[in-house]
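A.B. asks: what follows is a predicted structure for the sequence shown.
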Amino acid sequence: MKTNAPTLCIGILTMNEERRITQCIESAKFANQIVVVDSGSKDNTVAMAQTLGAQVHTHADWQGFAEQRNRLIQYATCDYIFFLDADEVITPELQAEIQAAVSSGRKAAWKILWNQVAYGKSLTRMKSTGGVMRLFQSANLLRFEGVVHEHAVLADPMTPVITCKGRLLHYSRETVYGSLQKLAQYAQLGAAKRAKAGKRGGVLRGFASAFANFIQLYFFRRGFLCGAEGFLFCFFIALECFFRYAMLHYDKDTLEKIVTR
């Protein structure tokens, strides 16, 4: 007797993503279910996602990335769930690996690597980071935790983790203006995370963190091979590191509200 093949849900978080949402969802259309949890977009993101066939649910009371992902989990009805950000695109190579993983029925978690696309150029000569877990067996995924760079909590902590060879295209920094906006958001979230952990901030700590991260990205991860776009990408991440510790020292009242809400 034939059993039903395992099914896949792809979940996407959005907030004013009309510029990228079409390409993102089009790359996810091989899934059995596409769920979008929107954080209160003021542009055409919701209408565009619905037109493309996604199930859209709006939760405008922002409580962090982890909470939005937890809300998304509630709407997923498939055997496996893959989390895709609105500024990411699944390549054909990665699609094939995801489909093979789901078809296998394995109880595992799959880690995904990125190819960064910054300021109109793919930084393919830059070495990728260790990646993040994005594909899970739904029954094994309990929740997400964390203010920023949230992490999954699994029912079975001994679940094997497999790294996919295919990569996501990550359009994280398309313009300098957009990078400045993202800098402010992520520096504040990173500062809040460190405030919660009881860490200290300050200009010198920020400079040390920025310098160390820039050296790591630009030289050891080969950002220098990617021209001016590679320099800008590494520089903005270093700036985020600096302002994270500056905020930790000078914006204590604001961070306290973020941590305690």
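C.D. replies: Perfect, I can see it now.

A.B. asks: contacts, neighbours, all on C-alpha from now
C.D. replies: Will do.

A.B. asks: and stretch 196-216, how far out from the chain middle?
C.D. replies: Taking the mean of its C-alpha atoms, stretch 196-216 sits 22 Å from the chain's own mean (C-alpha atoms, centre = their mean, to the nearest Å).

A.B. asks: and the contacts of the longest helix along the chain?
C.D. replies: In the chain, with assignment by DSSP state H, the single longest helix is helix 227-250. By C-alpha atoms under 8 Å, 6 or more residues apart in numbering, the surrounding residues in contact with helix 227-250 are 118-119, 121, 123, 173, 179-180, 183-184, 186-188, 190-192, 194-195, 200-203, 205-211, 213-214, 217-218, 223-224, 255.

A.B. asks: what is the mean pLDDT for it?
C.D. replies: Taken as a whole, helix 227-250 carries a mean pLDDT of 97.

A.B. asks: chain center to the helix or strand that it is followed by: distance?
C.D. replies: Per DSSP states H and E, helix 227-250 leads on to helix 252-260 as the next helix or strand towards the C-terminus. Helix 252-260 has its C-alpha centroid displaced from the chain centroid by 23 Å (C-alpha atoms, centre = their mean).

A.B. asks: sorry, back to before: narrow the contacts of helix 227-250 to those in helices?
C.D. replies: 179-180, 183-184, 186-188, 190-192, 194-195, 203, 205-211, 213-214, 255.

A.B. asks: of the residues you listed, grab the buried ones for ChimeraX.
C.D. replies: The buried residues among these can be selected in ChimeraX (16 or more other C-alpha atoms under 10 Å) with this line:
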select :179,183,186,187,188,190,191,192,194,195,203,205,206,207,209,210,211,213,214,255
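
A.B. asks: what's the burial count for the closest residue to Tyr119 other than its chain neighbours?
C.D. replies: Nearest residue to Tyr119, sequence neighbours excluded (C-alpha to C-alpha, 6 or more residues apart in numbering): Glu174, at 4.5 Å. Neighbourhood size, Glu174 [other C-alpha atoms under 10 Å]: 14.

A.B. asks: touching, Glu174 and Gln116? I think so.
C.D. replies: No: with contact defined as C-alpha atoms under 8 Å, Glu174 and Gln116 do not form a contacting pair (10.5 Å).

A.B. asks: gap between the residue nearest the centre of the chain and Gln23?
C.D. replies: The centre of the chain sits closest to Asp85, judged by C-alpha atoms, centre = their mean, with a distance of 5.4 Å. Remark: distance between Asp85 and Gln23 (C-alpha to C-alpha, to the nearest Å) = 11 Å.

A.B. asks: noted, bye for now.
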